[in-house]
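[1] Below are the sequence and a predicted model; questions follow.
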Amino acid sequence: MQVVYEIKDENGVTDKERNLKQHHTIPLGALVEVVGESLDEHGCRLFVVNHSRDCDGTPLYDLSFNPNVMTYINELKAEIAMGTDGFGLGATLISRYNMQITKHFSAESLVFISF
């Protein structure tokens, strides 16, 4: 059994290698609107809070109504790493912040509104 994105093309390059070379086109902090074929109108507006990738390396975007959510998560992770997260609630708070993020939208499913 072979994973499709690991099959090499005639140039000896896999889909994953090709996709990993692609850059994210929508900057962090941008306000975007979610669109889709099944929507009669454009969807809700959210902020790009993280650049992620699919299992085949395709650039994807994580969105939230809270533009600072990743800052809070990263600060909590740093506190946990240093052992200064107070009563040990850092992991619980990170979990709550993660619930504010909707993950893995393709660039084609987003319309850039403003930065």
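    Sure thing, it's come through. Numbers count the residues shown, from 1 in each chain.

[2] Spell out which helix or strand contains the residue most central in space within the chain, please.
    By Cα atoms, centre = their mean, the chain has its centre lying nearest to D62, at 2.9 Å. Per DSSP states H and E: D62 is located in strand 59-64.

[3] Mind listing the strands that strand pairs with, and their directions?
    Sheet pairing for strand 59-64, assigned by DSSP bridges, gives strand 45-53 (antiparallel), strand 101-105 (antiparallel).

[4] Adding mean neighbour count and distance to N68, write these out as CSV.
    C-betas here are computed from N, CA, C, even on glycine. What follows is those, written out as CSV (neighbours: other Cβ atoms under 10 Å; distance: least, Cβ to Cβ, whole Å):
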stretch, mean neighbour count, distance to N68
strand 45-53, 18, 8
strand 101-105, 16, 12
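
[5] Quick one, which of these gets closest to G36.
    Among the strands paired with strand 59-64, the nearest to G36 by Cβ to Cβ is strand 101-105 (9.7 Å).

[6] And the next helix-or-strand element following the closest one, how far out from the chain middle?
    For strand 101-105, the following helix or strand on the C-terminal side (DSSP H and E) is strand 110-114. Put simply, strand 110-114 sits 15 Å off its chain's centre (Cα atoms, centre = their mean, to the nearest Å).

[7] circling back: if you count neighbours, what's buried in the strand holding D62?
    Neighbour-count burial for strand 59-64 flags P59, L60, Y61, D62, L63, S64 (criterion: 16 or more other Cβ atoms under 10 Å).

[8] Please enumerate the helices of this structure.
    Using DSSP state H, the helices of the chain run over residues 15-20, 69-82, 90-98.

[9] distance between the shortest one and the chain's centre?
    Put plainly, it is helix 15-20. With Cα atoms, centre = their mean, you get 17 Å for helix 15-20.

[10] Quick one: low-confidence residue ranges for the chain.
    Scanning the chain for pLDDT under 70 picks out 1-6, 37-42, 84-88.
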